[in-house]
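Student: kindly return the folded structure for what I paste below:
(2 chains)
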Amino acid sequence: MRSIPSVTDADIAKVENYLGIKFDEKRREILRSNECFDVQACPGSGKTTLLVAKLAVLADKWPYSRRGICVLSHTNVARQEIEQKLGGTPIGQRLLAYPHFVGTIQGFINEFLALPLLRSEGYHTRLIDNDACFEWVKQRLNLWSNRKQLGNLPRKERTLDGGIRNLIGAGEAIGPNTVGGITDNQWRVLCGVKAEATKKGLWYYDDMFAWADKLLVDQGNITEFARWRFPAIFIDEMQDTSEHQGVLLNKIFPAYACNLRQRFGDSNQAIYDSGQLASTTDPFPADGYRSLPNSQRFGKGVAQKAHSLAPDPPAPVLSGEGPNSRIFPHVFDTAHMPHTIFLFEPDSVSKVLPGFGKLLLGSFPDEVLRCEAFLARAIGRVGKLDESGEKVPKHLGDYWNNYESRSAKPDPRPQYFSDYIHVAQRRGVSNIDCAESVKMVVKGICVLIDIVRPTTIPRSGQMTQWLWKALEIDESSCVLLRNLLWEWCVESTPIVEKLWFDKTEQLRRALHPIIGKEWSGNAAAFCQWSMEYAEQSSCRDAECLSTPNRYRFLQDSRYVDIEMGTIHSAKGQTHTATLVVESYFKKHDMEDLLQWLSGEKCGSSKKEGKERTERMRLIYTAMTRPSHLLCLAMRRSVLELNGKQSETRQRLEQLGWNIKVLDSESK
Amino acid sequence: MHLAEIEIENFRLFGAGESALMLPFQAGLNVLVGENDSGKTAIVDAIRFALGTTSQDFQRVTDEDFHVESGQRTSEFSIRCRFADIDKESGGALLEHLSYENGAPCLYVSFLARRNDNVNVRRRIVVEVRSGREGTGPVLDSNVRLLLQATYLRPLRDAERELDAGRNSRLSQILQHTKEIAAHKVESFSPADFVLAVKTKVQPEFPKSIANISRLADYLLQENEGVKEAGNRLDTRYLANLNLGDEELGSRVSIGEDATIDQRLRAILEKLELRLSTVTDPDGQLPHGLGYNNLLFMACELLLLGQDRDTLPLLLIEEPEAHLHPQLQLRLVEFLQEQVAEDGGRPVQVIVTTHSPILASKVKLTNMILVSQGRGFPMGPEYTLLSPSDYGFLERFLDATKANIFFARAVLIVEGDAENLLLPSLAQLLGRDLTRYGVSIVNVGSRGLRRYARIFRRKALADGTPTHSIPIRVACLADRDILPNCARVISSMETDSGEEKSSNQPRYEEDLKSEIERANWIEKKCIDDGENVRTFVSGHWTLEYDLALAGLGHSLHTAIALAKDEAKLDKKPATTAEGQRERVIAAAEVTWEKLNADAGLPKSSKELLAYNVYKPLLGSLSKPVTAQHLACLLKSNKSDGLSLHIPDYIQNAIEYVTRPDSANAATGQNTKGAGNPTQ
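Tutor: Got it, this is the predicted structure:
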């Protein structure tokens, strides 16, 4: 009676109208089809938008109240895009609510498999986070009694995420014998620490996979439940699926068992963090895939230069239909961008960034440079290494000494209570209501309570609610805390060191119904004055300037900012201009791929080997970031390879490259 | 998927810990029986709170819903429902909410209500519904709650109103969800083409969907000459004269053109009403009584439940017997029992509360849950000490009169009409009016006394831990059935019957050789005692003999005389003479003197006298009729000391079932055979 609704031309017209875009026939065919297939989508092909459009139509006509659409992805990009483009509409809200699921693979595993089982087994969950868990485990392992036992066990073995399967009795047992190099004693200590973490509700991401695995083994009908619940599955960013995600997904949603399963991605952009394995189960794209070779991000110039670096080049050819002229409302020549290869000598490597900056100033008018949408990045494979000298350029630090490979954490976990307030007040600035800031302060208070009286705080639920309820018995406590929150979050009165001790004393009094007279050295330490998170809050401009890895090029009172980072950090991004610099990992990137850069060779095959194919994916991904301007930087000597300098040069020029040599003497 | 268990804490009469309620349900029919205030409605209301209901009535948590413990109103109550037998569809739909226990998935719905005494708080009572055994799972959002709603039929509902037309009428909701109506939503149909086809004698396909039928009617109305003409006249005569500038005003007559198919469908369905039709009134023109309308309404709800797979197949009915005469009640039970059977359609779980012994007598014992003093006692074989043959027996013999036991505060189980008739009078003599104490007397006749008693005996759990006892005191009255020695002499003289040889059972007092043998004999009669069930055995032989022996011989003799006279009258009924009763009583006085004189010797005289008084009842004389006369005589006898002549075992039994401290009954220690003459 009911079935997955079909998408008609009228539906497509409606959604085109709504999103303000037009789909070409290739994309319309994908929208219309309710078959199972994969979509290999080139960079900037708008696959996520395409997916969102399809979801909008399906959600609008969805006939089930107990079954839903499942949208999985590696990051929350799909969810964010739905929130952005459809958030205000009833369709968007419906899509983001029961019975549908839109989220990450990890989120799916947590919500539908691991957490229900954890609950049933009586475990509680406070945090699923590798960093937090690792921090905690590290702290426990550093206890004197543990350290003595562990001796000089390598750090990797200590993190305990691999050992988890043994502790929950799922899958094959990993024990002292299988890990190797661990004594029974050491293993016992590790298990003890793991058990403690478990009691506290701290979990690694991997733990969730282990629990999910266990559930699938114990309860044979779970896969049937899941397939019934989700008759339509869409997976975005499929290329980023790791092996253990792939294995689990394939157990639940294998192609043969799915009514409708469509996977979107680009195997050419599959780049992984170190140590992560690519998924080989249920490989992507599967035979019979649809291809989207036309990019709306960049123009012909970028397309023809990047095409041959794709290990599996888009068929028939990577084509550029961008950039969208509406990105910048200002008039400038976008058709003839000076895509440039910078050639440098070992001692003129520091001239690369200025050279790029100069080119940017010359190519973009000031109105464009000052646009919020303008982004120029210099990216390379290797971020920062401590050693230097040989084989320059090895890493980004060789191009700019000030480069720092520090990754900013999105959700701060300050070490001191005063910093919770700093962060909270900063949040207050960027949010209209103060709920976010209150949440942050309450988080800090809960950390404090946890230090003084562990296991007082309930396993789940609203912390703020719990806090008020716990304080209810003492009216004066409530008043005290309310005043503090008012001061910190609503009035956002800056806290100062001089008065800080008094404030913490007030807080102690307010928390009396919970912590009583108890106090400890750790609690006092937590309440120490700290300014670590204060800086960023004082001034937003200062934040800009002080942001590491932002190189500012100044010339004749004009300037341009160039953000530096790794290729990994540029995954999924769109830049206005991109400079891809050479770095060294086993080999120099550009040197290794010169024949592909020059178009002499195209694509990869088995004989090229894994290492080179991976390098191709990286450089392909990097080269397909810019909407307007693409530049490369490599040593001058690279061109002289094989003694075919002039021939290579000619090929490059034919592809539309400008070649600029940065002499040691030149400015 | 069905509701397998409910746990209620601090809700109304249910307390916490030991006095919380834990009640299992079975997949099919569950009938909650019990006296008023025992907690039946609270159980149903708890389910309604936890799951919500499809009907429009909204139930709000109030202060009164919070349990009061030693004068203090609690600030939190919780209701936890566990669903078992998770099928593929429910498992899929509720995947993120499932729990896994004993190797199988189940679903917990935990409802928690918190009360805040602070009057300044805006929302004083906060309610939260989460999944997970400890309520630590995700919140059940409104879409999921919709899937778990139970269908609730409240008591004494106005069925006629529910079946009426009108906005949001229940009937329109039911129809809207009907498979066939929902299926035809997407049918392309053009009224104009249809009419054209009819005019050109082509036989077109009639529209199937209700919306299209209404569109066709719309179209025909608009094309109606009268309607058209009126519209034209309005345009030309009036509106045309009111035109401003070039702008032409025009009118258009139509039945409101509802925008979407759904709206149109709803508008039509809301105009429909349901009327019962019978042979004499095929069009349902005449109004029917509440009872029939109730039946009709229930039928409608079941229709919807049976086919709409998106709703929980759980039906809650409170007091379905309302407005139904006994025969219809019986039909209803049969019908419900058919509905829950899993034949083809979707099995529906039904939870019914009732005060009707008629309904209770028809329901299988295993489907019943006895609710008493805030505890529920399922009657399934895994919970009671009843044997399989007991169930078979009780299903046959537990009639409406006997089903009274499920609604009593205490129960007297007796083996004969005489006891049944006499006990109320005897209790009155003792100042313990049985009706006032809510005691039911159940006369089981000559068979199965113990089977009935075992209804009130609970099995210990599998691990041996004892369960709660049913807090209903049950006194079984049994005859000791040992004849006085004098009976042997007399009977062998008179009839020479040799039947006592047939078994080695003792028959006369002298057969019981020792104290131990006497005690064992009583012990055997009390074999099923325990918890709150106690057997009271007559001191000697039978009720009447013991009454005579205890000192009521004179009254009994008179009653026998009256009964004999009545038996004679029965044969020639028309000759009831004035003053007959007085004459018979006077004659009995004379024979009584004679019996006393005959009794003779001091030692055996009492027994012999009692035996002689009782003897006529061994023959064909009706015991019930005698009992009835005796009850009358006792009632009219104003002399004081009568209560002193009531046999001990009767006195004990009546005191047991009317003991005011029945709260202690649950722990009741059993000293067996209180009526033992050897004490």
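Student: so where is the stretch 501-650 of chain A shaky, pLDDT-wise?
Tutor: In the predicted model, the stretch 501-650 of chain A carries pLDDT under 70 at residues A:534-548, A:642.
Student: can you give me the helices in it?
Tutor: A:512-515, A:521-526, A:535-538, A:540-546, A:589-592, A:594-597, A:609-623, A:636-639, A:645-654 (DSSP state H, counting those that start in this stretch).
Student: indicate which one of these is closest to A:His330.
Tutor: helix A:540-546 (22.4 Å; Cβ to Cβ). Just so you know, the C-beta spots here come from the backbone N, C-alpha and C atoms, and that holds for glycine as well.
Student: gap between B:Asn532 and B:Ile470?
Tutor: 6 Å (Cβ to Cβ, to the nearest Å).
Student: list residues touching both of these two?
Tutor: Here B:Asn532 and B:Ile470 share the contacting residues B:Phe456, scored by Cβ atoms under 8 Å, 6 or more residues apart in numbering or on different chains.
Student: the longest strand along chain B pairs with which strands, and in what direction?
Tutor: Ranked by number of residues, the top strand in chain B under DSSP state E is strand B:104-115. Strand B:104-115 has the following sheet partners, assigned by DSSP bridges: strand B:76-84 (antiparallel), strand B:98-101 (antiparallel), strand B:125-131 (antiparallel).
Student: weakest of those by average pLDDT?
Tutor: Ranked by mean pLDDT, these bottom out at strand B:125-131, which scores a mean of 91.
Student: who's in contact with that one?
Tutor: B:50, B:61-63, B:94, B:96-99, B:107-116, B:135-140, B:145.
Student: over to stretch B:14-31?
Tutor: Outside stretch B:14-31, the residues that touch it by Cβ under 8 Å, 6+ apart are B:2-10, B:39, B:42-43, B:67, B:69, B:74, B:85, B:336-337, B:340-341, B:347, B:349-354, B:359-360, B:363-364, B:366-369, B:374-376, B:378, B:380.
Student: quick one: buried ones out of the residues you listed?
Tutor: Neighbour-count burial (16 or more other Cβ atoms under 10 Å in any protein chain shown) applied to those gives B:2-4, B:6-10, B:39, B:42-43, B:67, B:336-337, B:340, B:347, B:349-354, B:359-360, B:363-364, B:366-369, B:374-376, B:378, B:380.
Student: of all the residues in the stretch 251-400 of chain B, which one is nearest chain A?
Tutor: Here the residue of the stretch 251-400 of chain B nearest chain A is B:Asp310; by Cβ to the nearest Cβ that distance is 5.0 Å.
Student: got phi/psi on the closest residue to that residue other than its chain neighbours?
Tutor: The shortest distance from B:Asp310 to any residue other than its chain neighbours is 5.0 Å, reached at A:Ser65 (Cβ to Cβ, 6 or more residues apart in numbering or on different chains). Main-chain dihedrals, A:Ser65, degrees, to the nearest 10: phi -110, psi -10.
Student: surely A:Ser65 meets B:Leu146?
Tutor: Yes. Using Cβ atoms under 8 Å, A:Ser65 is in contact with B:Leu146, at 7.3 Å.
Student: just to revisit the earlier point, restricting to C-alpha, output the longest strand of chain B in CSV.
Tutor: Extracted as CSV, the C-alpha positions of strand B:104-115 are listed here (Å, rounded to 0.1, in the frame of the first residue of the first chain):
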residue,chain,number,x,y,z
ALA,B,104,15.5,-10.3,24.1
PRO,B,105,14.5,-6.7,23.3
CYS,B,106,11.9,-5.0,25.4
LEU,B,107,10.7,-1.4,25.8
TYR,B,108,10.4,0.6,29.0
VAL,B,109,8.4,3.7,29.1
SER,B,110,9.2,5.6,32.3
PHE,B,111,6.8,8.3,33.3
LEU,B,112,8.0,10.6,36.1
ALA,B,113,6.1,13.4,37.7
ARG,B,114,7.7,15.9,40.1
ARG,B,115,5.9,18.2,42.3
